[in-house]
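Asks: Could you work out the structure for the sequence below:
(chains A and B)
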Amino acid sequence: MSAVDCQGLRKVFRASVRRGVLSRENSEILALDGVSLKVERGVIFSLVGPNGAGKTTLIKILSTLLIPDGGSAFVEGYDVVKQASKVRSIIGLVLAPDKGFYSRLSGLENLIYYGRLYGLSKSEATRRAKELLDLTGLGEDGLRLYEEYSLGMRAKLSIAKALINEPEIIFLDEPTIGIDPLSARRIRQLIKDLATGGRTILMTSHNMWEVESLSNRVAIINNGRIVAEGSPQELKERLQLTYRIEVEIMWAEAPDMDLPVAIGERGYPVVSLTTNRPSEDLVKLIDEIRSRGYSIGTVRVQEPSLEEVLTRVLSG
Amino acid sequence: MRSLNQLSGIVEAEFKVLRREAGIFLLIMSMPFMFSLLSYGVGIALTGGQAPPTLWFYQLIGFTVLVMAQVMSSSSAWYFRRGMMTGRLEYLLASPVSPLVAVFSSALANMAFNIAYFILVASIGVALVFGAQYLLNVLAVILFLGLALIPVVGFNLIVGVVTIIFREPEPVSNVINSIISSVSGFTYPLVLLPRFLQVVGTVLPYSHIVNTARDILSGAFQPASIYPFPFMVGYLILGVLVYRLGEVNYARKRGVHW
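Replies: Numbering: from 1, shown residues only, chains lettered A, B, ... in the order given. The predicted model follows:
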């Protein structure tokens, strides 16, 4: 059984725009248009796509906040509509890393509050909250009022909140948005540790490097539809994206070769080529350079990024 | 046990927040004194000093319950609005707590705050007008208010749903508060109102609350005066039904984010 299994999910938002004193114009926004997705247990699965693509709507449906207009969705085998209460007990959720707390309560008090929403006794909730403050690196800052927290601290508290009920699956909607690099790094490490500990993570992010470094699988969503899905490597291979190879030659003059040669940062010639068979072509290139009696300085292989995958998929 | 933990957790959090905004408490505590002394002063001026202190007490309790009613319905609207703005409401709806337990708990914290406020104001009024020996009546009124304000929770649930639908707490609570304030006879007898407004005032719980509270405090309580209260539970039932409808048809259809 998959941790998340949705079939043909559809969601339409109805909006009403004022056009005059009395007249209003109704419009419909198709947020999800038949999304089908499976997330296996214990993986980090990322949803990527432009703003308004439907990522957050999908997470909100899976976390029972929104009722879909069509299709079905199951979290750990529980129907998100008919068994919403069961789903709520086993999920952790971060919707916006800087929201969701009482500003006049401390981090610790906020976590205790959330712990008690999950039915924990006061002593249990306090114990768990303190553990999570330590885990997220907030520690003694847990005693400070939430309104005094920096964005990074708020994001860590959000993750702590999502873990208060020891969930099996965690939904993270852009967990590092707007956060400084050090805090973001700590959060990424936390996410990795959670997955290593057997938890399933379904996250969204606009940071493609983050998605690539964290995720086992990625789905690209656009206009409410999943347009591509696979591991980051599979997606790159499927799109036949090219690698760029650069080999620096330790020779004062430009070598006589058929490939493009430019002068590199250190003043030596650099031979470059683009290929979708990086291993074979790199060996061939090195052999050729050596056969001509040149010695090699540095070798650089630039992988295609997930950002290129996204750009290619979204631009059709 | 789980629901009890949830309920006490929310009450505690809400109460802590209220406690940390103690300045508001002092402000609203001063309001009944200010308005009742103003109207009593006018009464003294009009009657050439003949207005008895019991009339001031009548006004004081009236304004106190009026402020309580307004604070409760405004707080309820703001509970939802703030919840939407801060993202707390989404987390609440995504947790296994029944939203009814959540709203009820938040109203309980509010009620406790309001009852504390009532005790302080009423104690001063009772001691000044009837003497310290009547202060025990203030304890009796706590029990009464605890039960009498439960229908108000139903009212607040309706206010909450309307806030979710229209997303603006002020117009919602202002309209409700203006109706409640004018027809509930907080500071004047209902008989002064046109007939149809008297009916509205009698159907609403507030006129019964304020009159019974006055009677208990002044030692003039008659058990018969509590007969409307069992019927007032209807507001709680109505509130729960309206809330459920609103949750399914609006909150979980459109979302509660800001």
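Asks: residue boundaries of the strands in chain B?
Replies: Secondary structure of chain B (DSSP state E): no strands present.
Asks: Residues of it that sit close to chain A?
Replies: Proximity of chain B to chain A is confined to B:1-3, B:5-6, B:8-10, B:12-13, B:16-17, B:20-21, B:86-88, B:90-97, B:102, B:248, B:252-257 under the rule C-beta under 8 Å from any C-beta of the partner chain. Bear in mind the C-beta positions are built from the backbone N, C-alpha and C, glycine included.
Asks: Which ones among the residues you listed lie within helices?
Replies: Filtering the residues of chain B next to chain A for membership in helices, criterion DSSP state H, returns B:2-3, B:5-6, B:8-10, B:12-13, B:16-17, B:86, B:88, B:90-93, B:102, B:252-254.
Asks: Now do stretch A:305-316, average pLDDT.
Replies: Here the mean pLDDT over stretch A:305-316 is 80, rounded to a whole number.
Asks: what about the residue in the stretch 51-200 of chain B that chain A sits nearest to, how many neighbours?
Replies: Sorted by distance to chain A under C-beta to the nearest C-beta, the residues of the stretch 51-200 of chain B start with residue B:87, at 3.3 Å. Here the count is done by other C-beta atoms under 10 Å in any protein chain shown, and residue B:87 has 20 residues near it.
Asks: And residue A:300, which helix or strand is it part of?
Replies: Secondary structure from DSSP states H and E places residue A:300 in strand A:296-302.
Asks: List of residues touching that strand?
Replies: Judged by C-beta atoms under 8 Å, 6 or more residues apart in numbering or on different chains, the contacts made with strand A:296-302 from elsewhere in the structure are A:243-250, A:266, A:268, A:278, A:282, A:286, A:289-290.
Asks: Just the mean pLDDT for it, thanks.
Replies: 89.
Asks: what helices or strands is whichever helix or strand residue A:195 is part of leaning on?
Replies: In this structure, residue A:195 sits in helix A:181-196 according to DSSP H and E. For helix A:181-196, the contact count by 3 or more C-beta pairs under 8 Å, 6 or more residues apart in numbering or on different chains; DSSP states H and E identifies strand A:44-48, helix A:151-163, strand A:200-204, helix A:208-214 as packing neighbours.
Asks: Can you point out the buried residues in that helix?
Replies: Of the residues in helix A:181-196, those buried by neighbour count under the rule 16 or more other C-beta atoms under 10 Å in any protein chain shown are A:183, A:184, A:186, A:187, A:188, A:190, A:191, A:194, A:195.
Asks: got it, and stretch A:111-126?
Replies: The neighbour-count check on stretch A:111-126 (16+ other C-beta under 10 Å) flags A:111-121, A:125-126 as buried.
Asks: Show me the contact partners of it.
Replies: Applying C-beta under 8 Å, 6+ apart, the set of residues contacting stretch A:111-126 from outside is A:89, A:102, A:105, A:108, A:128-129, A:132-133, A:142, A:157, A:160-161, A:164-165, B:1-3, B:5-6, B:8-10, B:12-13, B:91-92, B:95-97, B:102.
Asks: and it, how far from the chain's centre?
Replies: How far stretch A:111-126 lies from its chain's middle: 29 Å, per C-alpha atoms, centre = their mean, to the nearest Å.
Asks: could I get it in CSV with only the CA atoms?
Replies: Taking C-alpha atoms only, stretch A:111-126 is exported to CSV below (Å, rounded to 0.1, in the frame of the first residue of the first chain):
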residue,chain,number,x,y,z
LEU,A,111,3.8,23.4,20.7
ILE,A,112,2.0,22.2,23.9
TYR,A,113,-1.2,23.7,22.5
TYR,A,114,-0.8,21.7,19.3
GLY,A,115,0.2,18.6,21.2
ARG,A,116,-3.0,18.9,23.2
LEU,A,117,-5.1,19.2,20.0
TYR,A,118,-3.8,15.7,19.2
GLY,A,119,-5.1,14.6,22.5
LEU,A,120,-1.9,14.5,24.5
SER,A,121,-2.1,15.2,28.2
LYS,A,122,-0.4,18.3,29.4
SER,A,123,2.7,16.5,30.8
GLU,A,124,3.0,14.4,27.6
ALA,A,125,2.6,17.4,25.4
THR,A,126,5.2,19.3,27.4
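Asks: helix or strand right after the strand holding residue A:300?
Replies: Where DSSP H and E defines the elements, the next helix or strand beyond strand A:296-302 is helix A:306-314.
Asks: And that next one, how far out from the chain middle?
Replies: Between the centre of helix A:306-314 and the centre of its host chain there is 15 Å, according to C-alpha atoms, centre = their mean.
Asks: If any of the residues of chain B next to chain A are buried, give me the ChimeraX selection for them.
Replies: Taking 16+ other C-beta under 10 Å as the burial criterion, the selection of buried members of the residues of chain B next to chain A in ChimeraX is written as:
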select /B:5,6,9,10,12,13,16,17,86,87,88,90,91,92,93,94,95,96,97,102,252,254,255,256,257
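Asks: No more questions from me, cheers.
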